[in-house]
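Asker: Build me a model from this:
(one chain, ligands or ions: 3)
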Amino acid sequence: MVQANIARVCPRGTSLFWAEVLIRTDRNILPHRIEVLAHTLVAMGGQQEEHSAVKLFREYLRLRTVHPQPDYDGAVAFLEKLGAELGLPCKKVEVYPGRVITILTWEGTDPHLRSLLLNSHTDVVPVYEEHWKHDPFAAVKDELGNIYGRGTQDMKCVTIQYIEAIRRLKTEGKRFPRTIHLTFVPDEEVGGFKGMKKFVELKEFQALNVGFGLDEGLANPGDAFTVFYGERNVWWISVKCTGNPGHGSRFIENTAAEKLRKVINSFLDFREKERKRLNQSECLALGDVTTVNMTMLNGGVAYNVVPNEMTAGFDIRIPPTVDLKVFEEQIRTWCQEAGDGVGYEFHQKTMDQQVTSIDKSNPWWNAFYTTCQQMNLKLQCEIFPAATDIRFIREIGCPAIGFSPMSHTPILLHDHNEFLNEKVFLKGIDVYTELIPALASVPPLEGEA
Ligand SMILES: CSCC[C@H](NC(C)=O)C(=O)O
Ligand SMILES: [Zn+2]
Ligand SMILES: [Zn+2]
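Answerer: Ligands and ions are numbered 1, 2, ... in the order given. Below is the predicted model of the structure:
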């Protein structure tokens, strides 16, 4: 009778534990009294105590490290404190004024070996607050355990998952041969130029002696975990067309607009071909095709003046399998075909096409893959469609994998109502708790002994 009453008022088991404690401590308690008590406990938020890792995650989400003025001081202080809690030495490298890389280090038993780098960025992208169900910086958790907030997926989850996995391993008294460095970097969301890009050029980075890196990936709506072994190249191009000016009421010959139309058609016809190629093949993912988007359009001074100059800006993402020389030649041809006085310039042009081997002959990948298999994780290996800080790690020849362990989760990075379920978040800690030991125990490689 008593149990039935509790079950009725606590349908999902909330407060059941506390209600049972009450019964055990007061056997004479009346059924209606239990009902009242249980309701009170539910109202008090008497659910089972929230996992400390979830609490910490929500605390981190509340730090407003949002562009254009991220609270980087707050983030550094928060991470430094966590380092002290874990007993890990902390170094700070100011790569630009106000742009600090925080490094926590867990020394390995064989510190001469190359290290494992666990990288995450601290900044998050801005929000359109009016489109959010909850305050994006309040880390609200709903009744399903979904935690809402900017950075829940990108990528404050990963930061806390690394930390909590290390906490568990340290509590268990574990040590591993390779040193583990956790780096927390600013400015990824604005290109990484005053963050990771600069950091990898410094002696402080070289001193980390990195052998393999982990950085962010994307959620997967299905039951798999997506793993990124490479990224597409980013080309931001502006094409300037010049032509004859004149009165807006006349048929002026050879105008900038006519040439720009040809340019736009060439770029967007190619876009359409790639779009169809992606849609018609089940084997292709976004990272396997070239995307082209016209993202800027400029020119003109008045409605009745034919301008002598017009420009279009394109965001192009190119898979690592494409011959970049051939592709640039194609762009040159499109511009030539549009007429005289058409030129282009790059605002962003990444040329490194290194990918990390996902062959078992790569001992780092082997350790990663084998561990995931042991945990029965289904992996989906892809090329990352956009650009993250991992490109700077790969550029210096270091193998690295983009991985944010979030299955059964819609991809909501940079979107309204970004969220992560607490169970998925906690599962991610389990995953890192297995992955980190495996990677930090990769046997000495050639030239390392
Ligand atoms: C090339 S700097 C810009 C980097 C940005 N990264 C992401 C993840 O959105 C992008 O791909 O546009
Ligand atoms: Zn990110
Ligand atoms: Zn991002």
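Asker: where in the stretch 1-150 of the chain is pLDDT low?
Answerer: Applying pLDDT under 70 to the stretch 1-150 of the chain flags the ranges 1-47.
Asker: got a list of what Glu94 touches?
Answerer: Val100, Ile101 (CB atoms under 8 Å, 6 or more residues apart in numbering). Where you see a C-beta, it was placed from the backbone N, CA and C, and this is true even at glycine.
Asker: Try it again at 10 Å.
Answerer: Contacts were defined as CB atoms under 10 Å, 6 or more residues apart in numbering; by that measure Glu94 touches Val76, Val100, Ile101.
Asker: Show me where the stretch 51-200 of the chain has its strands.
Answerer: Along the stretch 51-200 of the chain, counting by DSSP state E, counting those that start in this stretch, strands occupy 90-96, 99-106, 115-121, 146-148, 180-185.
Asker: For the longest one, name the packing helices and strands.
Answerer: What that stands for is strand 99-106. helix 72-86, strand 90-96, strand 115-121, helix 156-171, strand 180-185, helix 196-199, helix 203-206 (3 or more CB pairs under 10 Å, 6 or more residues apart in numbering; DSSP states H and E).
Asker: now for the third one, which elements pack on it?
Answerer: Right, the one you point to is strand 115-121. Using 3+ CB pairs under 10 Å, 6+ apart, strand 115-121 sits against strand 99-106, helix 156-171, strand 180-185, helix 196-199, strand 210-215, helix 390-395, strand 400-402, helix 422-439.
Asker: Show me which residues of the protein sit near ligand 2.
Answerer: Asp154, Met155, Glu216 (CB under 5 Å from the ion).
Asker: Just send those residues back as JSON lines, with pLDDT and neighbour count too.
Answerer: Below are the residues of the chain next to ligand 2 laid out as JSON lines (pLDDT from 0 to 100; neighbours: other CB atoms under 10 Å):
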{"residue": "Asp154", "pLDDT": "98", "neighbour count": "26"}
{"residue": "Met155", "pLDDT": "98", "neighbour count": "25"}
{"residue": "Glu216", "pLDDT": "98", "neighbour count": "23"}
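Asker: Taking the chain, what residue is nearest to ligand 2?
Answerer: The nearest approach of the chain to ligand 2 comes at Asp154, 4.1 Å away (CB to the ion).
Asker: Give me the phi and psi angles of that residue.
Answerer: Main-chain dihedrals, Asp154, degrees, to the nearest 10: phi -130, psi 90.
Asker: Can you report phi and psi for the closest residue to it other than its chain neighbours?
Answerer: Of all residues not flanking Asp154 in the chain, Leu413 sits nearest, at 3.8 Å (CB to CB, 6 or more residues apart in numbering). Dihedral pair for Leu413: phi -60, psi 140, per degrees, to the nearest 10.
Asker: on that earlier part again, quick one: the residue of the chain closest to ligand 2 from ligand 1, how far?
Answerer: Plainly put, Asp154 is 7 Å away from ligand 1 if you go by CB to the nearest ligand atom, to the nearest Å.
Asker: Adjust the sequence numbering to begin at 50 for everything that follows.
Answerer: Will do, 50 is the new start, and the previous item becomes Asp203.
Asker: Please give me every residue in contact with Thr399.
Answerer: Residues in contact with Thr399 (CB under 10 Å, 6+ apart) are 280-285, 366-367, 373, 436, 440-441, 444.
Asker: Next: Ala126.
Answerer: Listed by CB under 10 Å, 6+ apart, the contact partners of Ala126 are Leu112, Asp120, Thr151.
Asker: go on, Lys104?
Answerer: Taking CB under 10 Å, 6+ apart as the test, what Lys104 contacts is Glu98, Ala188, Ile209.
Asker: any idea how far Phe225 lies from Gln255?
Answerer: To Gln255, Phe225 is 22 Å away according to CB to CB, to the nearest Å.
Asker: More neighbours: which of those two?
Answerer: Taking other CB atoms under 10 Å, Phe225 and Gln255 do not tie; Phe225 has more neighbours (21 against 11).
Asker: any idea of the pLDDT on that one?
Answerer: As predicted, Phe225 sits at a pLDDT of 98.
Asker: same check, this time on Asn353
Answerer: On the pLDDT scale, Asn353 gets 98.
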